[in-house]
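# please find the sequence and the predicted model below.
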Amino acid sequence: MAVRRFFCLLTMMASAAVLVSGQARPTKTLDIYVVDVEGGNATLLVSPSGESLLIDTGNGGAGAPRDAGRIVEAARDAGITQIDHLITTHWHGDHYGGLAELASRMPIRHFIDHGPTVQKNDTTEEFLRTTYPRLYAGAKHTVVKPGDTIAVAGLGVRVVTSNGEVIRTTFPGAGRPNPLCGRSPAPVNAVPEDPESVGSDITFGRFRALHLGDLTRDKEFELVCPANRIGSADVLLGLHHGQDTSNSEPFIHAVRPRVAIMNNGTRKGGLPDVMKTMYTSPGFEDLWQVHFSLLSGQEYTAPGLFIANGVDDQPSAMPVAPMPLPQPGSNAPPPPVHSGRAYWIKVSAQEDGTFTVTNARNGFSKVYRPEAQVSRR
């Protein structure tokens, strides 16, 4: 009888081990997928524990099924079947537009945002009044403020900006005076939702990434002037698509990213002034682009190895000079079409600070060693 109980116990233990191993991800890395949502934003982070954090859900309207499908494809590659935490950085259609479609395809357990929209838009206001409450009714909903933390097992996730406010405490090891501050830039009023963006500081051991949504120059200034309160980062995510209402020199050169991953479109972002700011930042190594940008031209664009997506009708050569930014209005030419296969850029980070960036289109990878992190703050 004792022997039988012993073998029953062994069987139960083995079954439990199989169950646990079936739930665990076979990796010890933080994996970050920067998904192509055609100039919008969708960035999926999956910790070694398997817990997930998605930042934004891409475009709405006719683009919602496409973008939600691309997010689901990245989730499948990461081995997850639900989104544990979703940050909507701000209420612009290229950041929240795919939310309802995504929620119809996979469970979302925790909805996070900065609160009500501050920008008049009938579609957005109707979404927040009717659709959004239905989506988070059976889940958790949190309106965050700077200094809040988001509990993702295995990661440190701290909110540094939200609802037009920035974090006022200084990170350990940061706080150096910023000689580039000068005069504070004027507030960006043309797009009121951008300065409201939920910005996140993400750490995994010695690895650190920043995603600030579409945070504008004036709010960047508040983070790093007159002293840099947040220190440096290994990877800067998003870059407001590479637009020049963000990505100021005082901010970029203070944060000193080694790598930047730009979620631009074929004719959205990648502006020359932004590219020059990145390339001249101290310690900067590489810019990876979700799309090639006509607005960069050969003069400023990253090498093709670092660009994940082109267009369906790829030109034989890109002009040397950047294309002028089209004037808004009904006479503006349509952007080049990209409705075929989409590729992500993936970051795999280790606790010692080593990280690898991979272009899914061509399989090109580059490893960044942690030695360069020493004394970066």
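Good, I have the coordinates.
# OK, contacts around the one residue sitting closest to the centre of the chain?
Centroid-nearest residue in the chain, with Cα atoms, centre = their mean: residue 43, separated by 4.2 Å. Contact analysis of residue 43 by Cβ atoms under 8 Å, 6 or more residues apart in numbering lists 32, 33, 34, 35, 54, 55, 56, 211, 237, 238, 263. Quick note: C-beta positions are derived from backbone N, CA and C, even for glycine.
# same question for residue 147.
Counting by Cβ under 8 Å, 6+ apart, residue 147 makes contact with 158, 159, 167, 168, 169.
# got a PyMOL select line for the buried ones in those residues?
Selecting only the buried entries of those in PyMOL, with 16 or more other Cβ atoms under 10 Å as the criterion:
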select buried, resi 158+159+167
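# I'd like the contacts of residue 147 laid out as a markdown table, including secondary structure and distance to residue 338.
A markdown table is the format used below for the contacts of residue 147 (DSSP: H, G, I helix; E, B strand; the rest coil; distance: Cβ to Cβ, whole Å):
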| residue | secondary structure | distance to residue 338 |
| --- | --- | --- |
| 158 | strand | 34 |
| 159 | strand | 33 |
| 167 | coil | 36 |
| 168 | coil | 41 |
| 169 | coil | 42 |
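# now render the contacts of residue 147 as JSON lines, adding pLDDT.
Shown next, in JSON lines, are the contacts of residue 147 (pLDDT from 0 to 100):
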{"residue": "158", "pLDDT": "98"}
{"residue": "159", "pLDDT": "98"}
{"residue": "167", "pLDDT": "98"}
{"residue": "168", "pLDDT": "96"}
{"residue": "169", "pLDDT": "96"}
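# give the contact list for the closest residue to the residue nearest to the centre of the chain other than its chain neighbours.
The shortest distance from residue 43 to any residue other than its chain neighbours is 4.4 Å, reached at residue 55 (Cβ to Cβ, 6 or more residues apart in numbering). By Cβ under 8 Å, 6+ apart, the residues touching residue 55 are 41-45, 86-87, 89, 200, 211, 213, 237-238.
# just curious, which of those is nearest to residue 153?
Distance to residue 153 across the contacts of residue 55 (Cβ to Cβ) is lowest for residue 45, with 11.9 Å.
# tell me how many other residues surround the closest one.
Residue 45 has 27 neighbouring residues, counting by other Cβ atoms under 10 Å.
# from residue 280, how far out is it?
Using Cβ to Cβ, to the nearest Å, residue 45 is found at 29 Å from residue 280.
# same thing with residue 355?
Applying Cβ to Cβ, the value for residue 355 to residue 280 is 23 Å.
# got it, and residue 140?
Residue 140 is 43 Å from residue 280, where distance means Cβ to Cβ.
# likewise for residue 217?
In terms of Cβ to Cβ, residue 217 sits 17 Å off from residue 280.
# ok, these two, which is more surrounded?
The neighbour comparison of residue 217 against residue 280 (other Cβ under 10 Å) goes to residue 217, with 22 against 11.
# dihedrals phi and psi, residue 199?
Dihedral angles phi and psi of residue 199 (degrees, to the nearest 10) take the values phi -110, psi 140.
# name whatever forms a beta bridge with it.
Beta-bridge pairing for residue 199 (DSSP bridges): residue 161.
# quick one, what contacts it?
The contact partners of residue 199, taken as Cβ under 8 Å, 6+ apart, are 89, 159, 160, 161, 162, 210, 211, 212, 213, 215.
# can you put the residues you listed in JSON lines and add distance to residue 368?
Listed next are the contacts of residue 199 as JSON lines, based on distance: Cβ to Cβ, whole Å:
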{"residue": "89", "distance to residue 368": "25"}
{"residue": "159", "distance to residue 368": "26"}
{"residue": "160", "distance to residue 368": "23"}
{"residue": "161", "distance to residue 368": "26"}
{"residue": "162", "distance to residue 368": "29"}
{"residue": "210", "distance to residue 368": "16"}
{"residue": "211", "distance to residue 368": "18"}
{"residue": "212", "distance to residue 368": "21"}
{"residue": "213", "distance to residue 368": "24"}
{"residue": "215", "distance to residue 368": "24"}
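# out of the residues you listed, the closest to residue 148 would be?
Nearest member of the contacts of residue 199 to residue 148, counting by Cβ to Cβ, is residue 159, at 4.5 Å.
# against residue 284, how distant is the closest one?
Applying Cβ to Cβ, the value for residue 159 to residue 284 is 26 Å.
# now the helices: where do they sit in the protein?
Applying DSSP state H to the chain gives helices spanning 2-23, 64-78, 93-96, 99-103, 122-126, 132-136, 217-224, 249-255, 272-279, 297-300.
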